[in-house]
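Participant: The following block contains a protein sequence and its predicted model.
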Amino acid sequence: MSRKSLVSIMSAGLLLGSASMSFAAGDPQVHAAGLWVFFGIAIACGFGIGVAALGTGLGMGNAINGALQGTARNPEAGGKIMTTMIIGLALIESLCIYALVICFILVFKIPDMGALFNLIVGK
Amino acid sequence: MSDWQQLSRKLRIFNWISLLILAVASCLSMAPSFTLGLVLGGIISIANFAVLSRSVISAFGAFGVSKASKVAIVFKYYLRLAAMGILICVLIGSSWVSPVGLAFGLSIVVLNIIVLGISKACNLSSREAT
């Protein structure tokens, strides 16, 4: 089975599981589906922000490395280089902020966490 | 004031102007939660950019010479990140603002940088052509 089809089957299962929550609240299978949704959100948020922070760190380190080398070789151009670097850093950092916003949306907005928790604990 | 300092100043002014324009447009056509998210996101991103530029300049100096202590620089950097993370968490967690509006507001600085970069590139290419 290819990776794409595995991912699509898993996501379809998650969607179906979350959609069936409201219809069958006492079913153990539904509890399991709720746990899977919870698990998926936790994995997505953890990996998402981790990968974003990794990319941002690499990009910022590369930018600062280049800027410091340029300033060391040509100190008179330091002002120009710093201004450009600050603008570049703002652009790079915004990517991590977007990832953070997406993670918060996943945690707080997409699932009804109260209903999900009740489903998992069986209330 | 050099050309690059003027560009930085222009960017700061453009940020506030575009935030104002977008806030008015959103106030007229979108829901109040979207407008609130856009305004708060814009203020957060502009403040973040201002603090970032100040801390980078104090860390490296205009000519690569550090002026502040290393501990203070690192502390300020993490304080800024933590403050922004907590603010965004509180705003999204409490359902006061629309997350889409917040994301739009957080993009204001990036959009302005892209627009200024394109305009600068167009100016340079037109100068070279003449």
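Facilitator: Arrived safely.
Participant: rest of the way, CA atoms for contacts and neighbours
Facilitator: Fine.
Participant: isn't residue A:93 right up against residue A:58?
Facilitator: No - contact criterion Cα atoms under 8 Å: residue A:93 and residue A:58 do not qualify, at 11.1 Å.
Participant: Just the closest residue of chain A to chain B, please.
Facilitator: The nearest approach of chain A to chain B comes at residue A:78, 4.5 Å away (Cα to the nearest Cα).
Participant: interface residues of chain A facing chain B?
Facilitator: A:68, A:71-72, A:75-80, A:82-84, A:86-87, A:90-91, A:94, A:98, A:100-101, A:104-105, A:108-109 (Cα under 8 Å from any Cα of the partner chain).
Participant: Now, of these, which are buried?
Facilitator: In terms of neighbour count (16 or more other Cα atoms under 10 Å in any protein chain shown), the buried residues within these are A:68, A:71, A:75, A:78-80, A:82-84, A:86-87, A:90-91, A:94, A:98, A:100-101, A:104-105, A:108-109.
Participant: ranges for the helices of chain A?
Facilitator: Counting by DSSP state H, chain A has helices at residues A:3-19, A:28-73, A:78-104, A:113-121.
Participant: out of these, deepest packed?
Facilitator: helix A:78-104 (a mean of 20; mean count of other Cα atoms under 10 Å in any protein chain shown).
Participant: That helix to helix A:28-73, inter-axis angle?
Facilitator: 180 degrees (axes from the mean of the first three to the mean of the last three Cα atoms, to 10 degrees).
Participant: counting contacts, what elements does helix A:78-104 pack onto?
Facilitator: helix A:28-73, helix B:3-29, helix B:32-60, helix B:70-93, helix B:99-106, helix B:108-129 (3 or more Cα pairs under 8 Å, 6 or more residues apart in numbering or on different chains; DSSP states H and E).
Participant: Give me whichever of those helices is most buried.
Facilitator: Buried most deeply of these, by mean count of other Cα under 10 Å, is helix B:99-106, with a mean of 23.
Participant: packing partners for it?
Facilitator: Against helix B:99-106 (3+ Cα pairs under 8 Å, 6+ apart) you get helix A:78-104, helix B:32-60.
Participant: For it, which outside residues touch it?
Facilitator: Helix B:99-106 is contacted from outside by A:94, A:98, A:101, A:105, B:19, B:33-45, B:92, using Cα atoms under 8 Å, 6 or more residues apart in numbering or on different chains.
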